[in-house]
Structures are given as structure tokens and as C-alpha cells.
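1. Can you look at this prediction? I've put the sequence above it.
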2 protein chains.
Amino acid sequence: MTTPGRGLHGRVLDSLGPAITAGEYPPGSVLRTDELAKDFEVSRSVMREAVRVLESMHLVESRRRVGVTVRPKAAWNVYDPQVIRWRLAGADRPQQLRSLTVLRSAVEPIAAGLAAKFATAEQCAELTECAIGMVANSRGHKLEAYLVHDVAFHRVILAASGNEMFARLGDVVTEVLAGRTHHEVMFEDPDPAAVTLHVQVAEAVREGDALRAETLTREITVGALQELDILAP
Amino acid sequence: MTTPGRGLHGRVLDSLGPAITAGEYPPGSVLRTDELAKDFEVSRSVMREAVRVLESMHLVESRRRVGVTVRPKAAWNVYDPQVIRWRLAGADRPQQLRSLTVLRSAVEPIAAGLAAKFATAEQCAELTECAIGMVANSRGHKLEAYLVHDVAFHRVILAASGNEMFARLGDVVTEVLAGRTHHEVMFEDPDPAAVTLHVQVAEAVREGDALRAETLTREITVGALQELDILAP
DNA sequence: GGAACCAAAAAGTCAGACTTATATGTCACA
DNA sequence: TGTGACATATAAGTCTGACTTTTTGGTTCC
């Protein structure tokens, strides 16, 4: 999905980042740069660059005479795609999946409404294609192919909303959907009702019916919430 | 609001970051590390650390034999608080304000609904205090004091939602509200209807009425959208 | 015209010396 | 006994220079 280990400092991050988000170094832990450098067998300059990046993610704080302190989870930049990936890969996975799904349930309906208003003809076509692809792979244990179209569908919706911040959630949604299919139990074919909803959203967007697109998408996300037992009574 | 210029590399960031987000170096521009180091009168190591941070924000990409390339806006980590601050401070301000307000309009109603279910007694009390503070400063050109309570109100809602990702939007909302009051035209007292809505939201949350809290908050955010001429017909 | 090759350019890496801020302990004095 | 000033050790921060590695773009030769 993303470029791992860009350079030496990147490999350090790929190792240190997940360790922190997984709570291996609990908040308040103090690390020392040159000790880390020794542990990871890299020069101090490389380790310093890695620490700087972690600092920009608010995962750690570097202070003179003290060291590199791990910050509490509440301070983390939980929207950083890399942090999200690290958390999804570790012990934090369930919580991360829940909060992301709740975020989706807030954002996607609004995005769909905006998409109905602002989507280009090309995006409408893409959307329809995705919906068709989902239908075509909705039966017969072709989950992999189904997922590809499902992911693409949601990405197009977010991009077509015309809101840059919504658009940037495409990666996040991708991770969530991919995770749901790959890691969770998902032997059966997708819910036919959900497939229909996607087709109908594509319709509504094409017809410029913002309210309908929003409502239908809300139904989709409610389904996603229910899958994770996040009830919305 | 946040710590500016933490160390030498921080000061470089405070200068280079805004320049990039403002489009001073358009996407595709190629910078060279040691040239930058010379320009900013810092050592290469310091400049490298700054570049690493910019890279982690997806503002630039560093490649061997090529240099440091500025990435297109679509790649930027627009959820990074620092990037948001840089954009709000520069030419991108209007667009940034719009997309943030749309994001708010998606997230806050859901957050309010969750808050109605999960807020602690303490948070309910805080919320009521904020609402009272808003009422008390709603007339007589006491906008500064009004704003303080307004901001606090929305932060509590987001925090009380129990969703870590919503909670982290508190800073963002703060920036938006502060910006609206300080930079935009806002001579008159706040809309009395909006004040009432806040009071009612506090009520609904206290009573655990999720649906009402959500609906009322949606009315608040619709108002925010209208202020920016973002119509939602 | 295309494939193999070469050279330059820029980032990447490392090691070592030095500077600076600061937490903490010490000691004198009240 | 408590409090303030001061000294000291510590770890991050900074700078410099040498070296390595990757990659691009041109050049040569078939």
C-alpha cells in the first residue's frame, strides 16, 4: 500500500513506530537517542531524523537533559496515515478500527451528498463501474475482486465530494475495508442488501439527488457499525 | 497555541512549511538540501531533519540524485495540525476554512449524539457551564469572552464523544472558531438563535437524548456553513 | 535506433568534536 | 528546617568533513 523503509531512517521508524503505538514503550517512558542508535545499529544522525519524525507525529517529545519521552495516546496525531497503519497492525487494532468506522459513519454520508452535487461525469461513470464490479463479484466467493471494487467505490465518493479533507480519508477507508476482509471472519459472500445500496448510491449521485445519496450512504455505514457491534439506537 | 520553533530545525520548519503550503514553491519544484541549508544558515544535519519532517507530512519527497521535490497538494497530510496552521496562516486560508467547516458539519452532530450517550457527569456540568458562559456574554460586544466559552463547548462535545479521533479535532475546531472571530468581519453580537441552540444541546446531552443532540448540533453547523456561503440545499 | 555503459550529482550515512540547556544535587545562610 | 543561589553532570542539539550509494542522463558502440 505504501512505501516501507525509505532509507535507513525509514526502517528504524517501521520498527520503532509500531513499538510505541503498541504500548511497548508506555507513555512517560524515556528513551535516549544514542542508546537507541546503538540498539538499532545506526548512526546518531539517522536516529535523530527518526526521532524528529516521531516527534512531528506527537508520539514522543524530545527535551534536553531529559531524553525522548513517549507521549500519552491522547496527544498522538491519530490522523497520520502512518500512525493509523501502525496501530492497525498492532494491539490497538480493535480500538483503531472502531474509531475509524465511527469516523466513516460521520463523513461518508456527507461526502456522498456533496458528490451528488459536484461529481464530474467521469466520476459518475467510475462510480457506476465500481457498483457493477461489486454486483458481478457479489456471489461465489470472489471476495478479493469484490473488495477491489468496494474500496474504489468509496474512494471515488470521497474524492468526488470536492472536499480535500474528505478525499484524504480515502487511504484510511481503504485500510479499514481491507482489514475487515482480510483479518476478520469473512467467509461468506457480502450482504446482498449492501450491494444494492451501493448501486443505488451510484444512481443517486448520477441523478444529483444529494439527499438520497446521503441517506443511502448512511445506511451503508450503519451496516459497518453494526458489524463491529457499535450500536446506534 | 502551539510551541513554535522548538530548536533550530523547528525555526526552519516554521519558515519553510508555510512557504510550501502557500505555494511559494509550487508542486514539482526541486530543492536541494545543502542549498537550503546555506539559505537558512544552518548545518546540513539540521536541514535534513527539517526535510524529514516535511517528508512525513507528505509535503515533499526526497529522492537521490534528484533532490527534494514539492508534492502536489492532493498528497499533503491535511489533517496534520501543523499543516492546518500553516495553511490557515497563508494564502490557502479561505479554502482551508471551508473544508474544515464542512468537516465539522459532518463530525460534530455525530459527536454530539455520542456525547449524549457517553458523557460523564463532569462533562455534562462543563457543557452547561460553557453554555451559561455563552449566554452571559452574548450581548454587549463581549465577543472575546463569548468565544472562549464557545470553543470550550465544542471541545467538550468532541471529547465527550468517547471517540479518540473526534477528540483530536478539538484543536482544529478551536482554530476555525478563533479565526472566524478574529480575522473575519464579526462586529455584531452572536446570533441569539445560535446561543439558544448551544443551551439546548447541553440539555439534550445531559438528558441523554442522542437524537436531539445530534439534530440540534446539525443546526449549529448548518449555520456555520451558511456563514461561509456554503449552501446545503 | 537501441542497448550497454560511464560519469556526475545529489541524497544518504557515519564518526567525532563541540555547544547548550536544564534537572538535580549541594551548600551556605536564614 | 527550609530556602535560595550555585555548581555539575547529562543528554540533546549543532556543526563539519569525509565517504557511500543510488539514479539520471548522456555517450558510445553495435
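-> Structure's in. What do you need?
2. Pull out the buried residues from stretch A:145-165.
-> A:146-165 (16 or more other C-beta atoms under 10 Å in any protein chain shown). In short, each C-beta sits where N, CA and C put it, glycine included.
3. can you check stretch A:82-99 too?
-> Under the neighbour-count criterion of 16+ other C-beta under 10 Å, stretch A:82-99 has A:82-90, A:92, A:96-99 buried.
4. Out of these, which two are the most distant from each other?
-> Greatest spacing in the buried residues of stretch A:82-99, by C-beta to C-beta: A:Q82 and A:R98 (19.6 Å).
5. I'd like the distance between the residue sitting furthest away from the middle of chain A and chain B.
-> What lies farthest from the middle of chain A is A:R65; by C-alpha atoms, centre = their mean that is 37.1 Å. Going from A:R65 to chain B by C-beta to the nearest C-beta, to the nearest Å gives 14 Å.
6. quick one, phi/psi of that residue?
-> phi 70, psi -10 (degrees, to the nearest 10).
7. ranges for the strands of chain A?
-> Listed in chain order, the strands of chain A (DSSP state E) span A:30-31, A:60-63, A:67-70.
8. Which residues are in contact with A:E207?
-> Counting by C-beta atoms under 8 Å, 6 or more residues apart in numbering or on different chains, A:E207 touches A:A116.
9. Now do the contacts for the residue in chain A positioned nearest to chain B.
-> Residue of chain A nearest chain B, by C-beta to the nearest C-beta: A:Y79 (3.5 Å). Residues near A:Y79 by C-beta under 8 Å, 6+ apart: B:N77, B:Y79, B:D80, B:M165, B:R168.
10. quick one: the fourth one and A:T101 touch, right?
-> No. With contact taken as C-beta atoms under 8 Å, B:M165 and A:T101 are classed as non-touching, separated by 10.3 Å.
11. shaky segments in chain A?
-> Per-residue confidence for chain A (pLDDT under 70) gives these ranges: A:1-2, A:182-187, A:231-233.
12. Around DNA strand C, which positions in it sit nearby?
-> By C-beta under 7 Å from any atom of the strand, the residues of chain A that approach DNA strand C are A:6-9, A:42-46, A:49, A:63-66.
13. for these, which one is nearest A:R32?
-> A:V66 (9.4 Å).
14. Can you list the buried residues in stretch A:17-26?
-> Buried residues in stretch A:17-26, counting neighbours by 16+ other C-beta under 10 Å, are found at A:G17, A:P18, A:I20, A:T21, A:Y25.
15. Can you give me the end-to-end span of that stretch?
-> 12 Å (C-alpha to C-alpha, to the nearest Å).
16. What are the contacting residues of that stretch?
-> A:31, A:54, A:57, A:59-60, A:70, A:76, A:82-83, A:86-87, A:89-92.
17. Same question for stretch A:89-96.
-> Here stretch A:89-96 has contacts from A:P18, A:T21, A:A22, A:G23, A:I84, A:R87, A:L88, A:G179, A:H183, B:E164, using C-beta under 8 Å, 6+ apart.
18. Tell me which two in those are the farthest apart.
-> A:H183 and B:E164 (20.4 Å).
19. Show me the domain layout of chain A.
-> A:7-75, A:93-227 (automatic domain parsing).
20. okay if I get those domains as TSV plus distance to B:I230?
-> Shown next, in TSV, are those (distance: least, C-beta to C-beta, whole Å):
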stretch	distance to B:I230
domain A:7-75	30
domain A:93-227	10
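21. Distance-wise, check the most centrally placed residue in chain A relative to B:T174.
-> Chain A has A:V172 as the residue nearest its centroid, 1.9 Å off, counting by C-alpha atoms, centre = their mean. A:V172 is 23 Å from B:T174, where distance means C-beta to C-beta, to the nearest Å.
22. same question, A:E144
-> Separation of A:E144 from B:T174 (C-beta to C-beta): 43 Å.
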